[in-house]
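Participant: structure of the sequence below:
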Amino acid sequence: ILGDSISSYYGYESGAYYGPKEEKRVPYSINIDDMWWSRYADNNGMAIGYSSSVGGSEVAKDEKDYISLNNLKRINNLGENGAPDYIAVFGGVNDSLLHRADETRFYTKYNELIKKIHSNFADVRLILVAPYYLRNDVATILQTSNSTIDSYNNSIKYIASKNNDYYVDLRNALSFGVDYADPSYEIHPNESGMEKIAKVIEEAIKKARGDETTGIDNMKADLDYDHYIIKVVAYD
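Facilitator: This is a model prediction of the structure:
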């Protein structure tokens, strides 16, 4: 897994946000079995190799900074426990906060990121998990918007399509009300939110593998339209 605080867990990566309460660096306590990636792996007969997830990570940050998802050391670490069959990339929430990355920069840096991963792991299949909408009051405080999240999703969907990777749309999955939000920091999921993320990923991949009309493996007809949207957004 390559991600930010939403995917980090103490003992798997420095800068973790979930884990034992007694660990001072970790403000949220979720059992490791309740992490979205644990739930997905357990439900699908997989083993977790390595989580290169660090709190505050951004896709568009300069790759020399370790907090960047584009950082080569973090990408290389994904092979720490052997060659992975799948790598889940879950980022973009932090890029949207305080207008840190506009649509063009996000697309450019995300595209670079996916190229690097495929170059380093030739036979891997990526699961690209796009960011979700924040609750309105939280989004206002953090100066993000649904339109920014929409533009990021459009970019991720297009990049997934051209690389034959899986795209997972979480935008309306959580709707981040109290049922799914961690009370300590409301852009983070609680146990129920983690479970919902795992379920949406599972449903998206099953659909992609089995539905010839809407699966990610058969989305080539949408590419021109999506590319046009990206160009329009970049122009704006």
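Participant: which helix runs longest in this structure?
Facilitator: Determined from DSSP state H, the single longest helix within the chain is helix 191-210.
Participant: against which helices or strands is that helix packed?
Facilitator: helix 36-43, strand 125-130, strand 166-169 (3 or more Cβ pairs under 8 Å, 6 or more residues apart in numbering; DSSP states H and E). The way it works is simple: take the backbone N, C-alpha and C, and place the C-beta from them, glycine included.
Participant: show me the contact partners of that helix.
Facilitator: With Cβ atoms under 8 Å, 6 or more residues apart in numbering as the test, helix 191-210 has contacts from 30-31, 34-37, 39-40, 43-44, 88, 127, 129, 166-170, 173-174, 176, 179-182, 189, 214-217.
Participant: if you set the cut-off to 7 Å instead, what comes out?
Facilitator: The contact list for helix 191-210, computed with Cβ atoms under 7 Å, 6 or more residues apart in numbering, reads 30, 34-36, 39-40, 43-44, 127, 129, 166, 168, 170, 173-174, 179-181, 189, 214-217.
Participant: where's the most centrally placed residue in the chain relative to Ile141, distance?
Facilitator: The centroid of the chain falls nearest to Phe90 when counting by Cα atoms, centre = their mean (1.3 Å). Going from Phe90 to Ile141 by Cβ to Cβ, to the nearest Å gives 22 Å.
Participant: if I pick His99, what's in contact with it?
Facilitator: By Cβ under 7 Å, 6+ apart, His99 lies in contact with Gln143.
Participant: for it, give me phi and psi.
Facilitator: With angles defined as degrees, to the nearest 10, His99 shows backbone torsions of phi 60, psi 40.
Participant: look up how far Val93 lies from it.
Facilitator: His99 sits 13 Å away from Val93, going by Cβ to Cβ.
Participant: circling back to that earlier point, I'd like the helices and strands packed on helix 191-210 laid out as CSV, including distance to Gly19, mean pLDDT and mean neighbour count.
Facilitator: Converted to CSV, those look like this (distance: least, Cβ to Cβ, whole Å; pLDDT from 0 to 100; neighbours: other Cβ atoms under 10 Å):
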stretch, distance to Gly19, mean pLDDT, mean neighbour count
helix 36-43, 12, 95, 20
strand 125-130, 21, 97, 23
strand 166-169, 24, 96, 21
